[in-house]
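Q: turn this into a model:
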Amino acid sequence: MTLDLLPVGQAARIVAVDWPVLVAEEALRLQALGIDSGAKVSIAHRGIFGTFDPIALSIGRMTVALRRVHARAIEVETL
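A: Down below sits the predicted model:
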């Protein structure tokens with residue numbers, strides 16, 4: 001499943017990231033934040049509007065805001 005479909009509070013591990021679909025600068029920023037294969041993540045919160053954008057992602061001790069389009073490029077498996 002992709003990260004944008006992960007339920008709020010469900011722990012998961014990143015299996016793969018489709019880096020080519022992301023803009024190069026955005027991909028580098030996500031990698032710098034530790035968003036890469038093997039990282040353990042969970043969805044802390046979703047936006048309240050119809051698109052549920054942005055997504056608040058918990059990774060380690062950080063909370064990072066991601067756009068839904070970025071979350072769709074991240075494949076996860078639930079833990």
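Q: list the buried residues for the lengthiest helix in the chain?
A: Across the chain, the longest stretch assigned as helix under DSSP state H is helix 24-32. Buried residues in helix 24-32, counted by 16 or more other CB atoms under 10 Å: A27, L30. In this view, the C-beta of every residue, glycine as well, is placed from N, C-alpha and C.
Q: the helices in this structure, which residues?
A: Along the chain, counting by DSSP H, helices occupy 24-32, 68-71.
Q: give me the residues contacting the shortest one.
A: Spelled out, that is helix 68-71. Residues from elsewhere that reach helix 68-71, judged by CB atoms under 8 Å, 6 or more residues apart in numbering: T2, L3, D4, L22, E26, L30, T51, F52, D53, P54, I55, L57.
Q: next one: the residue nearest the centre of the chain from I14, what distance?
A: For the chain, the residue nearest the mean C-alpha position is A71 (4.4 Å; CA atoms, centre = their mean). Distance from A71 to I14, counting by CB to CB, to the nearest Å: 11 Å.
Q: buried residues in stretch 9-20, which are they?
A: Buried, per 16+ other CB under 10 Å, within stretch 9-20: A12, I14, V17.
Q: how about JSON lines for the residues you listed, with pLDDT and distance to I35 added?
A: Below are these laid out as JSON lines (pLDDT from 0 to 100; distance: CB to CB, whole Å):
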{"residue": "A12", "pLDDT": "97", "distance to I35": "12"}
{"residue": "I14", "pLDDT": "96", "distance to I35": "7"}
{"residue": "V17", "pLDDT": "95", "distance to I35": "7"}
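Q: out of the residues you listed, which comes closest to A44?
A: Nearest to A44, judged by CB to CB, of those is A12 at 12.5 Å.
Q: stretch 28-44 - what's its average pLDDT?
A: Mean per-residue pLDDT for stretch 28-44: 93.
Q: hmm, back to that, in a markdown table, list the helices of the chain along with distance to H45.
A: Converted to a markdown table, the helices of the chain look like this (distance: least, CB to CB, whole Å):
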| stretch | distance to H45 |
| --- | --- |
| helix 24-32 | 18 |
| helix 68-71 | 13 |
